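[1] Pasting the sequence and the predicted coordinates here, then a few questions.
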Amino acid sequence: MNVKELDATYIAGTYRRFPVEIVRGRGSLAWDENGREYIDMGSGIGVTAFGIADEAWQQAVIAQIGKVQHMSNLYYTEPCARLAQMLCEKTGMAKVFFSNSGAEANECAIKVARKYAADTHGAGRFTIATLQNSFHGRTLTTLAATGQDAFHKLFNPLTPGFVHVAAGDIEALKAAHAATPLAAVMIECVQGEGGVLPLDRDYAQALAAFAREQDILLLVDEVQTGNGRTGALYAYMHYGLAPDVVSTAKGLGGGLPLGATLLSARVQGVLGPGDHGSTFGGNPVACAAALSVLSRIDEPLLAEVRRKSDFLFAALRGESGVESVTGLGLMIGIKTVKPAADVVAACRENGVLCLTAKDKVRLLPALNIPMPVLEKAAAVIKAACAL
Ligand code: PLP
């Protein structure tokens, strides 16, 4: 059997895969089993921050694999400690809990919020508000946090203790808190899976101010928006927010599984020994990979992300078959007149790999995609959208 037949026979049918097998890549280029070249405008859904098999990342991973590939969290390891230091120094947060995915990073954020609220306000205050149309993961608790009924209906009963309020409506949040006192509010600054929709800045600031006033923790899900994706290290920095907890994953490990939950000074002591844990969380190879990624997300790189973002917005906005372009940095959603799936298929046939988010074409290229490659991809996407 070839790979597609093996997959169809033996892999659980949870993914609607594109009809392409990627066998190797370099930076923003990828090749299929027939040697056909593609420009990768999805970077593994925002994971390969510096492209596929980038040299510095490879060297960091290989060097660490040759020293120690795993130790339990019962022992100290250097990459984990150094990465936590770098995350805290770059954000002003106080402590980090490492896990393996975005959903787990959010699970930790939720546990911190529940314990903080119980410690501070008593056992009755545990409800967490999230926004309608949000996406926070696929575990039963992060599904409960996700504000989209389509993800809920097959798996009831979900974890209780979540309410979903309309994004942009501060009165809805206040009403939710009046009805059931909130432990926390969790937001994505740009809803990714929800259709690449940035939150309104005034709303985000009003939400943060209300949360602070009422001792409701502000949890920011930076799983997709984090690690330079939006042209700031974390998207909350664009919004002038001071979150209590930040969860991130995806691009942080650059292609190895790594989640991180960043805790502010206010909540740094909430979890004590035995309160939470993970066998693989803080794995030295994943952390060495992340050190290579994070140390390269500096101001010149972020300025490059913003410049490439401006180029893509200008190249696509107002073009034939393009209804709107939304997003922030290199996280872009294109509402097309043609069905998004048809546009993505046409792009693929012309050598460009794109994603969808709801009814939009979604672009999440590597942060360092070379300008000539980006220009070529934009021309193909424009042609695929055109009527
Ligand atoms: N949160 C957000 C905002 C995401 O976009 C995702 C994944 O797309 C997740 C959480 C879940 O991350 P993971 O698939 O790594 O569990």
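    Received the coordinates, thanks.
[2] Please give me every residue in contact with the closest residue to residue 148 other than its chain neighbours.
    Once flanking residues are discounted, residue 148 sits nearest to residue 133: 6.1 Å by Cβ to Cβ, 6 or more residues apart in numbering. Where you see a C-beta, it was placed from the backbone N, CA and C, and this is true even at glycine. Neighbouring residues of residue 133 by Cβ atoms under 8 Å, 6 or more residues apart in numbering: 147, 148, 167, 191, 194, 195, 197.
[3] switch to 7 Å and redo it
    Taking Cβ atoms under 7 Å, 6 or more residues apart in numbering, we find residue 133 in contact with 147, 148, 167, 191, 194.
[4] how far away is the nearest residue to the last one once chain neighbours are set aside from residue 42?
    Right, residue 194. In this structure, residue 194 finds its nearest non-sequential neighbour in residue 133, 4.0 Å apart by Cβ to Cβ, 6+ apart. Computed as Cβ to Cβ, to the nearest Å, the residue 133 to residue 42 distance reads 21 Å.
[5] in the stretch 51-200 of the chain, which ranges drop under the pLDDT threshold?
    Along the stretch 51-200 of the chain, the model assigns pLDDT under 70 to no residue.
[6] Could you find the closest non-adjacent residue to the residue in it positioned nearest to the ligand?
    Per Cβ to the nearest ligand atom, residue 102 is where the stretch 51-200 of the chain lies closest to the ligand, at 2.3 Å. Take residue 102 and drop its neighbours on the chain: the residue closest to it by Cβ to Cβ, 6+ apart is residue 223, 3.4 Å away.
[7] Quickly find the element holding that neighbour.
    Under the criterion DSSP states H and E, no helix or strand holds residue 223.
[8] what does the lengthiest helix in the chain rub up against?
    When the chain is parsed with DSSP state H, its longest helix is helix 102-121. Outside helix 102-121, the residues within contact range by Cβ under 7 Å, 6+ apart are 97, 99, 125-126, 128, 136-139, 141-142, 145, 183-184, 186, 215, 217, 219, 221, 223, 245, 247-250, 259-261, 263, 267, 270-271, 276, 278.
[9] any idea of the angle whichever helix or strand comes after it forms with helix 102-121?
    Using DSSP H and E, the next helix or strand after helix 102-121 towards the C-terminus is strand 127-131. In terms of direction (axes from the mean of the first three to the mean of the last three Cα atoms, to 10 degrees), strand 127-131 departs from helix 102-121 by 140 degrees.
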